[in-house]
Structure formats: C-alpha cells, structure tokens
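> Everything below, folded, please.
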Amino acid sequence: MAIADTKNTGTMIPVSGRLPEELYQWLSTLPLEGATTVSDRIRIAVATLKRLHDGDSDYMGALGMQRDLVRNTRDQIASLERNAGVHSAVLAAFVDHVPGLVALLNAAQIKDSASARELEEQLVRRLFQLTEALLRQVVTTEAAAFDVHVVHKQAPRFIELVQAIISTNQIRGDKHG
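Below you'll find the predicted structure:
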C-alpha cells in the first residue's frame, strides 16, 4: 500500500515517542511501499495523516487518496479476475465511481446554497454514471460479474420505480422525467 508521498528534501528531525506493543508489532509488519524500517513506516503514517488533513479542500488530492485506499482491493480483484478468467464490470464500476463520490464529499467546501447546489449536481451526476454502468449489465441475460445475476436481482425494484416516475410525469405532463 502506497498512501503517502514521503519524498521530502527537507531536514529530518528526530522524534521520540512511545507506542503500545500491539501497535508497534502491527506497524513493524505493515507492508508499505518504500518502507523497510519502522522509522520509514512512521514517516509514511504521518505523511498520510497530513495528506488526509490537506486533502479536505482539494478534489484531486482527495481523489488520489481515495484511490490509494482502494488500491489493495483493486489489485486483489485484478488478480482474481486474471486467475478466474472473469472480468467483473460490476466491481470495476464501484471501484471507479465510489472513490470519486467520496472525494467529492471530502473536498466539498459548502459556503452557501450555490456551493451546496454545485455539490448536489456533481454527486448526482456521478451517482447516475454509476447507476448507468450497473444498468448496462441488465441489458444482457447475464452480467459481467462473478455473480452473473447480481444486478438482475436488484433491477426489478429499480425498473418499477422508473416506470412509476414515467407514469407520474405523464399524468402531470412533465416531459423531463
């Protein structure tokens, strides 16, 4: 897992502190890219904490962090897909869209109703992109997924809701659905 960029050309300052033994054991065995010592792991952990703090106001930074947080899951899915000879468009859609949704929320700076409307627009657009990706899996008899019926199991309720929206809008004469 490579969560934080620790390439710092500044002066290193020695820091002393105490950790509970179980936390030290966990940290000493945590696989972090570029970390070979506990000191390296602490440096990466502190840089990650800073990145979490700083990423709150920057969408691209927040998106990078969210993508890093799901990197292990993405890699496990890719390995499983290769070994099983199956591609899950369903999991790919979630791994692609959920980090973007969370990053939008993390980076949001709600100062007034205009910024709230802008966030709503971005979130709804992204959520409908995810929904569209999932609905594409309903077109065929089997979804591109490890459970080929996973989307079909949930689709009837969604389709019923869409039909109700269409009916309601036709009654009201609303053409924008």
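> So which bits of the helix or strand of the chain with the lowest mean pLDDT are buried?
Lowest on mean pLDDT, DSSP states H and E among the helices and strands of the chain sits helix 38-54, with a mean of 84. By 16 or more other Cβ atoms under 10 Å, the buried positions in helix 38-54 come out as 41, 43-45, 47-48, 51-52. From N, CA and C alone the C-beta is placed, and that goes for glycine too.
> What helices and strands are in contact with it?
If contacts are counted by 3 or more Cβ pairs under 8 Å, 6 or more residues apart in numbering; DSSP states H and E, helix 38-54 sits against helix 21-29, helix 59-69.
> so where is the chain shaky, pLDDT-wise?
1-9, 55-56, 175-177 (pLDDT under 70).
> which residue is nearest the middle of it?
residue 99 (2.1 Å; Cα atoms, centre = their mean).
> what residues are up against the closest residue to that one other than its chain neighbours?
In space, and not counting its chain neighbours, residue 99 is closest to residue 66: 3.5 Å by Cβ to Cβ, 6 or more residues apart in numbering. Each residue near residue 66 by Cβ atoms under 8 Å, 6 or more residues apart in numbering is listed here: 98-100, 102-103, 106.
> Are any of those buried, and if so which?
99-100, 102-103, 106.
> Dump those residues into JSON lines; add secondary structure as well.
Putting the buried ones among the contacts of residue 66 into JSON lines (DSSP: H, G, I helix; E, B strand; the rest coil) gives the following:
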{"residue": "99", "secondary structure": "helix"}
{"residue": "100", "secondary structure": "helix"}
{"residue": "102", "secondary structure": "helix"}
{"residue": "103", "secondary structure": "helix"}
{"residue": "106", "secondary structure": "helix"}
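> now, among those, which is nearest to residue 17?
residue 106 (28.0 Å; Cβ to Cβ).
> any idea what sits nearest the closest one, other than its immediate chain neighbours?
Per Cβ to Cβ, 6+ apart, closest to residue 106 is residue 62, 4.2 Å.
> Go ahead and confirm residue 59 touches residue 109.
No - between residue 59 and residue 109 there is no contact under Cβ atoms under 8 Å: 9.9 Å.
> Comparing the two, which residue is more hemmed in?
residue 59 (16 against 11; other Cβ atoms under 10 Å).
> give me every residue that touches the more buried one.
With Cβ under 8 Å, 6+ apart, residue 59 has these contacts: 103-104, 107.
> could you show me where the helices are in this structure, in order?
For the chain, the helices defined by DSSP state H cover 21-29, 38-54, 59-69, 71-84, 89-107, 113-135, 150-172.
> Next, the angle helix 38-54 makes with the shortest one.
Yep, that's helix 21-29 we're talking about. 100 degrees (axes from the mean of the first three to the mean of the last three Cα atoms, to 10 degrees).
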